[in-house]
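Enquirer: everything below, folded, please.
(chains A and B)
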2 protein chains.
Amino acid sequence: MKRNALPHVVIVGAGFAGLQVAKRLDRSGLVVTVVDRCNHHLFQPLLYQVATAGLSPADITSPIRSLLQDKKNTTVLLAEVIGVDLQQRQVHLKGEDSISYDYLVLATGARHSYFGQDQWEAQAPGLKSITDAINIRRRILLAFEAAEKESDPEKQCAWLNFVIVGAGPTGVELAGSIAELARRVLARDFRHINPQLARVVLLEGGAEILASFPQQLRDKAEASLNHLGVEIFKNSLVTHIDDCGVRIGEQPIAAKTVIWAAGVMASPVGRWLGVETDAQGRVPVRDDLTIAGDDRVFVIGDVARLADASGQPLPGVAPVAMQQGVYVARQLHARIHGKRLTTPFRYLNRGNLATIGRSAAIADLGWLRLSGFVAWVVWMAVHIFFLIGFRNRFLVFFQWAWAYFTFQRGARLITPRES
Amino acid sequence: MKRNALPHVVIVGAGFAGLQVAKRLDRSGLVVTVVDRCNHHLFQPLLYQVATAGLSPADITSPIRSLLQDKKNTTVLLAEVIGVDLQQRQVHLKGEDSISYDYLVLATGARHSYFGQDQWEAQAPGLKSITDAINIRRRILLAFEAAEKESDPEKQCAWLNFVIVGAGPTGVELAGSIAELARRVLARDFRHINPQLARVVLLEGGAEILASFPQQLRDKAEASLNHLGVEIFKNSLVTHIDDCGVRIGEQPIAAKTVIWAAGVMASPVGRWLGVETDAQGRVPVRDDLTIAGDDRVFVIGDVARLADASGQPLPGVAPVAMQQGVYVARQLHARIHGKRLTTPFRYLNRGNLATIGRSAAIADLGWLRLSGFVAWVVWMAVHIFFLIGFRNRFLVFFQWAWAYFTFQRGARLITPRES
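Expert: Residues are numbered from 1 along each chain as shown, chains lettered A, B, ... in the order given. Below you'll find the predicted structure:
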């Protein structure tokens, strides 16, 4: 086993959780390696904007190397982790030498999950990466092109039907954004179809959309979606998906474009560590975010399962991931000084936001509940504030302002699939 | 054969030439169909900026539909042309019904050409489309990542060697831009390599770089390239390319990244029309831009071959394409009024520009020759001015200003190849 003079921290994943750890470990007497299979940090909350042609991929990504370029103790490695050896303290990489660690932070996030129906993925892609977003953008834009060329009215309808499965924040944001794309942005661009007649159907298996929000705000969100023309079907569990559309029980909905926003599954950290996970693949962690039996291994972000004071598992959202990252960095600072942070991790919920189209949102700040335009302004300010890098903040602000006042979307680019 | 009440003009290709025709045919008593296999108009002169991570793909593209949305007599069709029937006056489309025309404008541009060595394309991609640019950007960025991980010094060198084949404006712009990326933007981002040691080699088969410019400006350009650290090899015809690098005669240059900027070949319009083309696949046109024997068919832009007053064929550049588009629109206006424009097409050369990195350029305006920073400012102003759409103009200007003052490039995004 290779040993550095200074303790070596390996951070796997440079999402919200992993990046927070890395940013806070400079001048800490540690050697740090950040491993990610992508070269960029992704601002996931705005991924739906890329999928619906509002923003460009580079607007919501930043190269991990440039985010960490001033941390001289930190090396960034573009590589894919395929396993962990807890005994030898090694991380195994695909096609490359393994690396040794003294402390390991696993923050590899989650992918969408099809509840065992993986064959649905081809027809109903999910939205977790830049590639997913470019793929969904291409499908949405090509659906209108196909409808324009289709002479059979039934087939034309199927091309103009958009089904979103799952009415959590991502599903709601996608539905609102597609409805606006059809009704506003594309309205005057076609000659044989009227894009305003496109149907956007939002399917929710449970009794309520946006289950994590209070009833009052759910009602506001539903009203805003209805106003945009989104049809909401609750208690509607999808039983079948193919290239004709979806079925809810025996009820078919013809649709050529189906987007999956229903379930997530943590990346395979549980398998790497050889530990039991919960149904969403999350690894149970102790209240200092280490795993049972090995206090050199931290698991944080969407792959970690930790209950809050009420016994509910913490949600897979950016604020949880970032706060956990900050906590782990503090814990590591204490450790290398031979100490140990005794306060357990506690999540401070500062609020919950979701947007519905270009001028409505809901915001649950605990002490204050906002909806409509005011909530949308709060949503916009929060998202721009947290966007990594001034340049991206400015570009996104300008593009939104432009889109807001002109109803144009600049990123309506269909990049052909590479052969 | 379907007949509209009004004459039907079919324009194939919405590049600089085709778009100019389409934009000028509203309120003309014509029905217009624009056929393109991409949904976007591409501002090709800035494609090298996308390939070297300076701009995002959507910054230099605009949806054809939105550019023409106010032309109510115009339909945009996303389709691929596979042939033309001059007798029946029909355009054949891939997988779709043929369309009839009364007037046909063919403006389908050119692709890169490997002088019969098509097997070189896999190792030495060319730069003509957005997909090409994303592919080259990925290769360049991944080369630095691979070098960072490589322990064998010889292989590491090969990853840090970048060879550009062909020293016309595109080759020169690529070489300058890659040299700056390595020496400025990436300088502090790696730990095991020094990106400033990357070699950028510009190969020219002829005796001079930028052959279309006067000697005095060529010398300036060469000095600017040398200043950026670009090595220029003249009279260096590539005889072999494989995944180890290139050979010039028997002389090998080890390089994992090779970019082709040496030759172009017009799209297969000659084959569609059954006419002889020149060596670059261009179709000879008469001085009213129609083809011999059929004055309903116009061929313009990079696919047309027309000699200027001195007998030289007009170059394949945007100003020629745009002026030809304007001329054809005027000719069509005259035709539907039963008249005919008797003045032949004449190209008015307003100047010739090329840029070398972020603060030098050369500009040959005929009456004035500029180089260095002043020429760069002229180059920037001209390119931003002609960028389609205010939004893109503003975004590109802001991104350039940002990159200029901070040495950052925002679009350093490696999107994984889609599976």
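Enquirer: and A:V396, what does it touch?
Expert: A:46, A:55, A:59-60, A:383-384, A:387 (Cβ atoms under 8 Å, 6 or more residues apart in numbering or on different chains). C-betas here are computed from N, CA, C, even on glycine.
Enquirer: let's see that with 6 Å instead.
Expert: By Cβ atoms under 6 Å, 6 or more residues apart in numbering or on different chains, the contact set of A:V396 is A:59, A:384, A:387.
Enquirer: where does it fall, secondary structure wise?
Expert: According to DSSP states H and E, A:V396 maps onto helix A:390-406.
Enquirer: wait, doesn't A:L387 sit right on A:F394?
Expert: No: look at A:L387 against A:F394 with Cβ atoms under 6 Å: they stay out of range, at 9.2 Å.
Enquirer: pick out whichever of these two has more residues nearby.
Expert: Neighbours were counted for A:L387 and for A:F394 using other Cβ atoms under 10 Å in any protein chain shown; A:L387 has more, 21 against 15.
Enquirer: how far away is the more buried one from B:G410?
Expert: Separation of A:L387 from B:G410 (Cβ to Cβ, to the nearest Å): 12 Å.
Enquirer: which stretches in the stretch 201-350 of chain A count as helices?
Expert: Along the stretch 201-350 of chain A, counting by DSSP state H, counting those that start in this stretch, helices occupy A:215-228, A:269-273, A:318-336.
Enquirer: which helix or strand lies directly C-terminal to the longest one?
Expert: Pointing back at helix A:318-336 there. Counting by DSSP H and E, what follows helix A:318-336 is strand A:352-356.
Enquirer: angle of that next one against helix A:318-336?
Expert: Interaxial angle of strand A:352-356 relative to helix A:318-336 (axes from the mean of the first three to the mean of the last three Cα atoms, to 10 degrees): 150 degrees.
Enquirer: direction included, what does strand A:352-356 pair against?
Expert: strand A:360-364 (antiparallel) (DSSP bridges).
Enquirer: pLDDT of the helix or strand just after the partner strand, averaged?
Expert: Going down the chain from strand A:360-364, the next helix or strand is strand A:369-371, by DSSP H and E. Confidence over strand A:369-371 (mean pLDDT, whole number) is 91.
Enquirer: just how off-centre is strand A:369-371 within its chain?
Expert: Distance, stretch centre to chain centre, for strand A:369-371: 23 Å (Cα atoms, centre = their mean, to the nearest Å).
Enquirer: how about the next helix or strand along the chain from that strand as PDB, C-alpha atoms only?
Expert: The first helix or strand that comes after strand A:369-371 along the chain, using DSSP H and E, is helix A:372-386. The C-alpha coordinates for helix A:372-386 follow below in PDB (Å, rounded to 0.1, in the frame of the first residue of the first chain):
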ATOM      1  CA  GLY A 372     -46.900  32.800  -8.100                       C
ATOM      2  CA  PHE A 373     -44.500  35.400  -9.400                       C
ATOM      3  CA  VAL A 374     -43.000  36.300  -6.100                       C
ATOM      4  CA  ALA A 375     -42.000  32.700  -5.500                       C
ATOM      5  CA  TRP A 376     -40.600  32.600  -9.100                       C
ATOM      6  CA  VAL A 377     -38.400  35.600  -8.400                       C
ATOM      7  CA  VAL A 378     -37.100  33.900  -5.200                       C
ATOM      8  CA  TRP A 379     -36.500  30.700  -7.100                       C
ATOM      9  CA  MET A 380     -34.600  32.500  -9.800                       C
ATOM     10  CA  ALA A 381     -32.500  34.500  -7.400                       C
ATOM     11  CA  VAL A 382     -31.600  31.300  -5.400                       C
ATOM     12  CA  HIS A 383     -30.700  29.300  -8.400                       C
ATOM     13  CA  ILE A 384     -28.600  32.000 -10.000                       C
ATOM     14  CA  PHE A 385     -26.900  32.700  -6.700                       C
ATOM     15  CA  PHE A 386     -25.800  29.100  -6.300                       C
END
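Enquirer: ok, back up a step: so what's in contact with A:L387 and A:F394 at the same time?
Expert: Joint contacts of A:L387 and A:F394 (Cβ under 6 Å, 6+ apart) do not exist.
Enquirer: would you mind measuring from A:P214 to A:L365?
Expert: From A:P214 to A:L365 the distance is 11 Å (Cβ to Cβ).
Enquirer: no, scratch that, I was asking about A:A223
Expert: To A:L365, A:A223 is 20 Å away according to Cβ to Cβ.
Enquirer: is it correct that A:Q49 is in contact with A:S56?
Expert: No: here A:Q49 does not reach A:S56: they are 9.5 Å apart, not a contact under Cβ under 6 Å.
Enquirer: and the stretch 1-150 of chain A, which of its residues are near chain B?
Expert: Applying Cβ under 6 Å from any Cβ of the partner chain, one finds that the stretch 1-150 of chain A approaches chain B through A:39-40, A:56-58, A:61, A:63, A:65-66, A:69, A:75, A:78, A:130-131, A:145.
Enquirer: up against chain B, what does the stretch 301-419 of chain A have?
Expert: So the stretch 301-419 of chain A meets chain B at A:391, A:402, A:410-418 (Cβ under 6 Å from any Cβ).
Enquirer: selection in ChimeraX covering whichever of these are buried, please.
Expert: Here is the ChimeraX command that picks out the buried ones among those, judged by 16 or more other Cβ atoms under 10 Å in any protein chain shown:
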select /A:391,402,410,411,412,413,414,415
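Enquirer: out of the residues of the stretch 301-419 of chain A next to chain B, which sit inside helices?
Expert: Using DSSP state H, the subset of these located in helices is A:391, A:402.
Enquirer: which one among the residues of the stretch 301-419 of chain A next to chain B gets closest to B:E180?
Expert: The nearest member of these to B:E180, counting by Cβ to Cβ, is A:R391 at 17.4 Å.
Enquirer: check the gap between the closest one and A:D70 for me.
Expert: According to Cβ to Cβ, A:R391 and A:D70 sit 16 Å apart.
Enquirer: try A:A198
Expert: The value you get for A:A198 to A:D70, if Cβ to Cβ is used, is 47 Å.
Enquirer: same drill for these two, tell me which one is more crowded.
Expert: More crowded of A:A198 and A:D70, by other Cβ under 10 Å: A:A198, with 24 against 10.
Enquirer: next up, the contacts around the more buried one.
Expert: By Cβ under 6 Å, 6+ apart, A:A198 lies in contact with A:160, A:182.
Enquirer: ok so, going back, in the helix holding A:V396, what counts as buried?
Expert: A:391-393, A:395-396, A:399-400, A:402-403.
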